[in-house]
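> no sequence on hand, only this structure:
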């Protein structure tokens with residue numbers, strides 16, 4: 001049993017799934033519309049925008065569209081790993 005004097009060790013605690021954050025209602029509604037259009041959850045959409053914003057601030061010389069393409073490519077690589085074609089069976093003279 002957990003008490004204030006005997007808290008559970010860090011490794012015994014279940015992983016934290018998320019944190020509540022207060023945002024303006026208009027931003028939430030915009031995220032909701034965009035999330036639906038892009039097949040994401042609302043929190044996933046806000047996280048995506050945050051990643052683009054952070055990457056843009058970290059790399060001010062890169063265009064936002066380029067950063068967006070990089071993030072999409074990274075997500076795609078995590079779900080669809082690159083598998084090179086077998087070139088040994090190709091017709092080679």
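Structure's in. What do you need? It should be emphasised that the depicted structure is a prediction, and the values quoted were computed from it without experimental measurement.
> tell me which other helices or strands the one helix or strand in the chain whose mean pLDDT sits lowest touches.
Each helix and strand of the chain was given a mean pLDDT (mean pLDDT, DSSP states H and E); the minimum falls on helix 64-79 at a mean of 85. In terms of contacts (3 or more CB pairs under 8 Å, 6 or more residues apart in numbering; DSSP states H and E), helix 64-79 is packed against helix 42-58. To be clear about C-beta, it is placed using only N, CA and C from the backbone, and glycine gets the same treatment.
> let me see the mean pLDDT of the helix it packs on.
Average pLDDT, helix 42-58: 93.
> tell me the angle of the least confident helix or strand of the chain relative to helix 42-58?
Taking axes from the mean of the first three to the mean of the last three CA atoms, to 10 degrees, helix 64-79 and helix 42-58 form an angle of 120 degrees between their directions.
> got a list of contacts for helix 64-79?
Contacts with helix 64-79, where a contact means CB atoms under 8 Å, 6 or more residues apart in numbering, come from 48, 51, 52, 55, 56, 59.
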